[in-house]
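Visitor: Pasted the sequence and its predicted model underneath.
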Amino acid sequence: MFNQKKHPPMRNAIGAGMQVQGPCTFEDGLQIDGTVLGDVLPASEQSVSKIVIGPTGQVQGTIRADFIVIAGTVIGNVQALEALELQASAHVQSEAIQYRTLNPSGIAVIRSPWLMST
């Protein structure tokens, strides 16, 4: 499912117990196990990006990357330019969720009026 582009290395992390007030930009991959209050966006649209929100991770804001894996909580819009993977523990409350490929891994809780495949 995630074959279109090569996944970038996970070079960045927001650890459990950390809280960051955004917007937050990153290069390559970002692991979120803490809380981000604000948008999470790639620093450059030219390079491949990946966001992994772990089971303890929470984001309140828009998230955008080529590859997105959600096992935690997102309250905000989700834009996966290539692929979106939703783990069984995921909770997503969003106005719009965009993805090219959707890979659900169990039953996630999704509240969104717009679920769009691009």
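Guide: On my side now, so go ahead.

Visitor: CA atoms for contacts and neighbours, from now on please.
Guide: OK.

Visitor: residues contacting the residue positioned nearest the centre of the chain?
Guide: Central residue of the chain (C-alpha atoms, centre = their mean): Ile68, 4.1 Å from the mean position. Counting by C-alpha atoms under 8 Å, 6 or more residues apart in numbering, Ile68 touches Lys50, Ile51, Val52, Ile53, Ala80, Ala83, Leu84, Glu85.

Visitor: Helix, strand or coil: sort out it for me.
Guide: Following DSSP: H, G, I helix; E, B strand; the rest coil, Ile68 is assigned to strand.

Visitor: Which neighbouring elements make contact with the longest strand seen in the chain?
Guide: If you go by DSSP state E, the chain has its longest strand at strand 78-87. When contacts are defined as 3 or more C-alpha pairs under 8 Å, 6 or more residues apart in numbering; DSSP states H and E, strand 78-87 packs onto strand 63-70, strand 97-99, strand 101-105.

Visitor: State the mean pLDDT of the longest one.
Guide: Looking at strand 63-70 alone, the average pLDDT works out to 97.

Visitor: Repeat that for the second one.
Guide: Across strand 97-99, pLDDT averages out at 91.

Visitor: any idea how far it is from the chain center?
Guide: 10 Å (C-alpha atoms, centre = their mean, to the nearest Å).

Visitor: who does that strand touch, helix- and strand-wise?
Guide: With contacts taken as 3+ C-alpha pairs under 8 Å, 6+ apart, strand 97-99 sits against strand 78-87, strand 115-117.

Visitor: need the helices and strands packed on strand 78-87 in TSV with distance to Gln21, can you?
Guide: Formatted as TSV, the helices and strands packed on strand 78-87 follow (distance: least, C-alpha to C-alpha, whole Å):
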stretch	distance to Gln21
strand 63-70	14
strand 97-99	22
strand 101-105	29
